[in-house]
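Asker: Coordinates for the following, if possible.
(one chain, ligands or ions: 1)
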Amino acid sequence: MPRSFAAKAIVPPAIAVTGFVIVCCILLYSVIKTDMLNDAIQHETNLADTIVKSARYAMLKDDRETLRNIIDNVGQQKGVEHARIFNKKGVIMFSAHPEDIGKLLDKKEAGCVACHSGPVPLTSMGRMDQARRFINEKGRHVIAITVPVYNEPECFNAACHVHSPSQKVLGTLDIGLSEAPLQKTLNVMQGRMIVFCLMVLLLTVGGVSALLRRNVLLPVRELADYVSAVKRGDLSRKAPAYRDEVGELARAYQELAHQLKERRESPDEATQDGPAGDRGNRS
Ligand code: HEC
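Answerer: Below is the predicted model of the structure:
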């Protein structure tokens, strides 16, 4: 534990301020990170909905060539890690990676379990349930979205009559976007926040120390010097003149020192001389 008053007055508050600033910055960072992640998921869900809408006509006309084209083009877009359409049995019908076509996925897979966790599959899911984050086989961080392709009157009234009206979900579209841009933004933000944190720390700790030094530590130092000077017997020294508690203490000490000195110089005068002298003067 530090000994001097200055160290006691500055070090613990500095540590406390540092702790607060760091905790607040970490909290702020995690809140912003969650917000940005939610934004990214929102954006990706919109993208997936757009793809389903643009593919709708091709699906309705059973135009597999066009559908394959749409998925291929989406897959070539920068940042798209995978794009594929499952039929309702969980078989990949279209994929930007041709080698995946025809693969059968289990209902327990990450993108499927949101609807297939219970005995009766759900027909819809919350926006955030649609998203999942994972590291793909290439080692890239991916945010993937699964959106259902719903059965609509146009689908079961179409000439081909493949789908029955009772069927709600015809299949799912699964699209995965790279998290790299998000991570990059987060890293930049992290760096800025560290700089900001250091700046706040330097300014607050520096500013508070300077004020404390000027308003408290220097007067206390002066008082201590004064007291030790008086203790050595140097009564000619001027007491620090402050209009606060330090000044009060200094004046009180000065008075005490003077009283003590008077008594020391004339030990009996103080007790005998006063009343005796009075009597002598009167007679
Ligand atoms: C939007 C929610 C949803 C998602 C996501 C979903 N399914 Fe389904 N799935 C359903 C519904 C609803 C049915 C019942 C189909 C119907 O309407 O008749 C179903 C039916 C099935 C069936 C046939 C019925 C059964 O239970 O055996 C299989 C197999 C299947 N899904 C596999 C998958 C696989 C694999 C995935 C992931 C790639 C997946 N599903 C993703 C909602 C979903």
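Asker: all strands for the stretch 1-150 of the chain, in order.
Answerer: 80-87, 92-95, 131-135, 141-150 (DSSP state E, counting those that start in this stretch).
Asker: Save the ones you listed as TSV, and put in mean pLDDT, mean neighbour count and distance to the ligand too.
Answerer: Yep, even glycine has a C-beta here, placed from its N, CA and C like the rest. What follows is the strands of the stretch 1-150 of the chain, written out as TSV (pLDDT from 0 to 100; neighbours: other CB atoms under 10 Å; distance: least, CB to the nearest ligand atom, whole Å):
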stretch	mean pLDDT	mean neighbour count	distance to the ligand
strand 80-87	93	21	4
strand 92-95	92	20	8
strand 131-135	88	16	11
strand 141-150	91	20	3
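Asker: Take these and write them to CSV, including distance to residue 164.
Answerer: Listed next are the strands of the stretch 1-150 of the chain as CSV, based on distance: least, CB to CB, whole Å:
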stretch, distance to residue 164
strand 80-87, 14
strand 92-95, 19
strand 131-135, 30
strand 141-150, 14
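Asker: The ligand contacts on the protein?
Answerer: Taking CB under 6 Å from any ligand atom as the criterion, the neighbours of the ligand within the chain are 86, 88-90, 105-107, 109, 111-112, 114-116, 121-123, 125, 146, 148, 167-169, 172.
Asker: Could you identify the buried members of those?
Answerer: Buried by 16 or more other CB atoms under 10 Å: 86, 88, 90, 105, 111, 112, 114, 115, 116, 146, 148, 172, out of the residues of the chain next to the ligand.
Asker: Quickly name whichever of the residues you listed is closest to residue 253.
Answerer: residue 114 (77.3 Å; CB to CB).
Asker: Wait, the closest one touches residue 129, no?
Answerer: Yes: contact criterion CB atoms under 8 Å: residue 114 and residue 129 qualify, at 4.4 Å.
Asker: What average pLDDT does stretch 50-67 get?
Answerer: Averaging pLDDT along stretch 50-67 yields 89.
Asker: all helices of the chain, in order?
Answerer: For the chain, applying DSSP state H gives helices covering 5-60, 64-76, 110-116, 153-156, 180-212, 218-231, 245-265, 274-282.
Asker: Any chance you could give me the third one in PDB, C-alpha atoms only?
Answerer: This means helix 110-116. In PDB, the C-alpha atoms belonging to helix 110-116 read as follows (Å, rounded to 0.1, in the frame of the first residue of the first chain):
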ATOM      1  CA  ALA A 110     -28.300 -26.800 -38.100                       C
ATOM      2  CA  GLY A 111     -30.500 -25.100 -40.700                       C
ATOM      3  CA  CYS A 112     -33.300 -27.600 -40.500                       C
ATOM      4  CA  VAL A 113     -33.600 -28.200 -36.700                       C
ATOM      5  CA  ALA A 114     -35.200 -24.800 -36.100                       C
ATOM      6  CA  CYS A 115     -38.400 -26.200 -37.800                       C
ATOM      7  CA  HIS A 116     -37.700 -29.900 -37.200                       C
END
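Asker: elements contacting it?
Answerer: strand 131-135, strand 141-150, strand 169-178 (3 or more CB pairs under 8 Å, 6 or more residues apart in numbering; DSSP states H and E).
Asker: Now render these as TSV, adding distance to residue 98.
Answerer: Listed next are those as TSV, based on distance: least, CB to CB, whole Å:
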stretch	distance to residue 98
strand 131-135	22
strand 141-150	19
strand 169-178	16
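Asker: Out of those strands, which is closest to residue 186?
Answerer: That would be strand 141-150 among these, by CB to CB, at 11.1 Å.
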